[in-house]
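Enquirer: Curious how this folds, go ahead:
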Amino acid sequence: MIYLYRIYQLLFMLPVLLTATVITALLTILGSVLGGGRWWGYYPAKYWARLFCWVSLVKVTVRGRHNIDPHTSYVFVANHQGAYDIFSIYGFLNHNFRWMMKQGLRSIPLVGYACEKAHQIYVDNSSPSAIRRTMDRAESLLRHGMSIVVFPEGARTWDGKVRPFKRGAYLLAQEFRLPVVPITIDGAFDVMPRFRKLPHWGHITLTIHRPITPGPDGYDLPELMTDSRDAIISALPDSQQA
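Expert: Here you go, the predicted model:
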């Protein structure tokens with residue numbers, strides 16, 4: 001069966017997704033340049049991501065969508081199992097947002113430029129001043145009512161288990177007193193972990209947990225990080241929790 005799937009990938013899936021990626025990037029660039037960045041920076045990529053999952057024979061199930069309001073700004077934090085984390089959240093969260101993403105993704109031909117025009121946030125850790133510029137861009141988006149999605153682990157897991165969280169996203173939530181929404185991604189590690197070059201068909205479940213909201217005095221940062229991580233881990237199998 002896997003051999004038939006690889007033939008399907010080479011003859012159909014990869015050409016279709018390459019073509020769709022080029023078209024999506026061009027639409028995003030054009031729409032954003034013409035002044036519709038809020039719409040064009042999200043919706044073409046949303047349907048591109050859905051196509052990625054459908055053509056890859058990856059089913060995505062979403063639980064807890066009722067926990068979020070489409071008209072509210074959030075800081076979404078999710079565990080990072082593999083490449084299909086991006087496609088499952090982009091395609092099926094159903095909430096306009098921007099990513100905080102690795103600086104290295106800027107170098108992807110056409111796609112990197114499209115992300116820049118769509119006002120995705122490239123995280124530059126090369127110097128304190130670069131980190132400050134990254135935070136300033138994120139603050140500007142949040143100030144104008146946009147949500148952001150962050151993988152606080154900073155990189156994909158090697159073994160499926162949740163890595164320690166970094167605090168950058170939580171500092172933004174603290175500064176703007178925004179609700180933090182934990183998202184559990186389960187199944188993406190089996191579809192395409194970081195050490196695999198091609199995906200495998202599978203089933204990914206997104207669990208959107210209830211927002212964690214600030215108290216009268218704001219957040220207690222360590223408590224916020226612990227609570228969000230505990231929520232994410234609670235929806236994972238035991239083998240991936242630590």
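
Enquirer: Longest helix in this structure, please.
Expert: As assigned by DSSP state H, the longest helix anywhere in the chain is helix 14-33.

Enquirer: buried stuff in it?
Expert: The neighbour-count check on helix 14-33 (16 or more other C-beta atoms under 10 Å) flags Leu17, Ala20, Thr21, Thr24, Ala25, Leu27, Thr28, Ile29, Gly31, Ser32 as buried. C-beta coordinates here come from the backbone N, C-alpha and C atoms, glycine included.

Enquirer: Is it possible to get JSON lines of the residues you listed that adds distance to Asp217 and pLDDT?
Expert: JSON lines is the format used below for the buried residues of helix 14-33 (distance: C-beta to C-beta, whole Å; pLDDT from 0 to 100):
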{"residue": "Leu17", "distance to Asp217": "48", "pLDDT": "97"}
{"residue": "Ala20", "distance to Asp217": "47", "pLDDT": "97"}
{"residue": "Thr21", "distance to Asp217": "46", "pLDDT": "97"}
{"residue": "Thr24", "distance to Asp217": "43", "pLDDT": "97"}
{"residue": "Ala25", "distance to Asp217": "44", "pLDDT": "96"}
{"residue": "Leu27", "distance to Asp217": "45", "pLDDT": "95"}
{"residue": "Thr28", "distance to Asp217": "40", "pLDDT": "96"}
{"residue": "Ile29", "distance to Asp217": "43", "pLDDT": "95"}
{"residue": "Gly31", "distance to Asp217": "42", "pLDDT": "94"}
{"residue": "Ser32", "distance to Asp217": "39", "pLDDT": "92"}
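
Enquirer: now this structure, which segments are flagged as low pLDDT?
Expert: For the chain, the stretches with pLDDT under 70 are 240-242.
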